[in-house]
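Enquirer: What follows is a protein structure lacking sequence information:
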């Protein structure tokens, strides 16, 4: 097990147009491990060569739809698992929403939880089923040593995690069943690694592309890091890299960076 690891997670909202930003992030922020979500390409089309050129190993999982996840690591990458055991499909099709690997002695899962769309949409029921499969996976691996699930959970844990809760009263991301699914993960022994913001008083991680949402901080905290006690007790710092959301052609999400001393 390595001391002084830096682990990050980032929904890049399509890896190909965001590749220059990802490569810059790897060089400048220098995470030992980066969990990626919403790749929007296939496993075979993932730009592994460019990332490997920076000294990282790659475990990507994509099926060419509006999902896809990956883990890149420069501290080892073993016991890779693509998909959750027993996970549901949506409308008969599998979706690439989880990949797990052991990196530097830490068991990590990069997850992209289904959006849910609207509470009366079949995708919402699928989301809850998928979160149930994640619960089963966590229960089976939780005691294996330092362990964390990182990624876009598409759930705001509290009312404070959205910029105006009144606007979300009839929306997904804040419904009791979704939040209960997170609570069930915490009951297993996971804790929310709450990051510090680089600006403003709350660490939002997502801002819609609509004009004014980002500069006016109309955001949500839906990207999360959930770790067991062996992981969270080793955290020395955690922050949302809001600067990665700036400029031309960004993702609508910002990365979370976590430093651990295991």
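Expert: That came through, no problem. What you see is a predicted model; the values in this text were computed from it and never measured. Numbering: from 1, shown residues only.

Enquirer: what's the nearest residue to residue 81 if we skip its chain neighbours?
Expert: residue 100 (4.4 Å; C-beta to C-beta, 6 or more residues apart in numbering). Bear in mind the C-beta positions are built from the backbone N, C-alpha and C, glycine included.

Enquirer: pretty sure the one you found is in a strand, no?
Expert: Yes. The assignment for residue 100 is a strand, going by DSSP: H, G, I helix; E, B strand; the rest coil.

Enquirer: Surely it is in contact with residue 83?
Expert: No. Residue 100 is beyond contact range of residue 83, at 9.1 Å (criterion: C-beta atoms under 8 Å).

Enquirer: out of the two, which sits in the busier spot?
Expert: Neighbour count, other C-beta atoms under 10 Å: between residue 100 and residue 83, residue 100 has more, with 23 against 18.

Enquirer: what pairs with the more buried one across the strands?
Expert: Note on residue 100: beta-bridge partners residue 81, residue 109, judged by DSSP bridges.

Enquirer: Could you measure from it over to residue 147?
Expert: 10 Å (C-beta to C-beta, to the nearest Å).

Enquirer: likewise residue 139?
Expert: 11 Å.

Enquirer: More neighbours: which of the two?
Expert: Per other C-beta under 10 Å, whichever of residue 139 and residue 147 has more neighbours is residue 147, with 24 against 13.

Enquirer: what about stretch 182-202, distance to the chain center?
Expert: Put simply, stretch 182-202 sits 12 Å off its chain's centre (C-alpha atoms, centre = their mean, to the nearest Å).

Enquirer: now do the same end-to-end measure for it.
Expert: One end of stretch 182-202 to the other measures 20 Å (C-alpha to C-alpha, to the nearest Å).

Enquirer: Of all the residues in the longest helix along the chain, which ones are buried?
Expert: Using DSSP state H, we find that the single longest helix of the chain is helix 122-141. Applying a neighbour-count criterion of 16 or more other C-beta atoms under 10 Å, the buried positions in helix 122-141 are 124-135, 137-138, 141.
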